[in-house]
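1. Take this sequence and fold it.
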Amino acid sequence: MRRSIDDALDDHPADEEFPPVSWMVGLNDDPDISTDGSPRVSLTLEERGHAARGVVAYLAPDTARRLRGAIAAALREVGEHPGD
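-> Next up is the predicted model:
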């Protein structure tokens with residue numbers, strides 16, 4: 001199973017030094033991406049217009065929660081509510 005959850009472009013003005021980057025969060029249960037065959041949360045980052053040349057991280061649930069916590073902490077640091 002592969003399932004896309006959400007995707008978008010990042011939020012900065014694009015220029016030659018900082019091209020626009022797309023991100024995608026999904027689910028993947030390919031048994032080759034984990035040692036125990038359990039599903040993983042996938043996070044893909046790639047330069048816009050360069051599909052299939054990005055980097056994909058396959059995150060176990062604990063790692064996905066750690067990433068979620070880090071994003072929530074960063075939002076709090078800039079004075080934003082981290083949401084749900």
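2. quick one: the helices in the protein?
-> Counting by DSSP state H, the segments of the chain that form helices are 61-77.
3. That one: strands as residue ranges?
-> Counting by DSSP state E, residue ranges of the strands within the chain are 2-9, 21-28, 40-47, 55-59.
4. same question for stretch 43-58, mean pLDDT?
-> When pLDDT is averaged along stretch 43-58, the result is 90.
5. got the buried residues for that stretch?
-> Applying a neighbour-count criterion of 16 or more other CB atoms under 10 Å, the buried positions in stretch 43-58 are 43-44, 46, 58. To be clear about C-beta, it is placed using only N, CA and C from the backbone, and glycine gets the same treatment.
6. Show me where this protein dips below the pLDDT cut-off.
-> Per-residue confidence for the chain (pLDDT under 70) gives no ranges below the cut-off.
7. how far away is G49 from V56?
-> With distances taken as CB to CB, to the nearest Å, G49 is found 17 Å from V56.
8. nope, A14 is what I meant
-> The gap separating A14 from V56 is 22 Å, by CB to CB.
9. do the same with R3
-> Using CB to CB, R3 is found at 14 Å from V56.
10. same question, D62
-> Using CB to CB, which is the criterion applied here, D62 is 18 Å from V56.
11. now the buried residues of stretch 43-58 in a markdown table, with distance to G26?
-> Putting those into a markdown table (distance: CB to CB, whole Å) gives the following:
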| residue | distance to G26 |
| --- | --- |
| L43 | 8 |
| T44 | 7 |
| E46 | 13 |
| Y58 | 10 |
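12. Sounds good, over and out.
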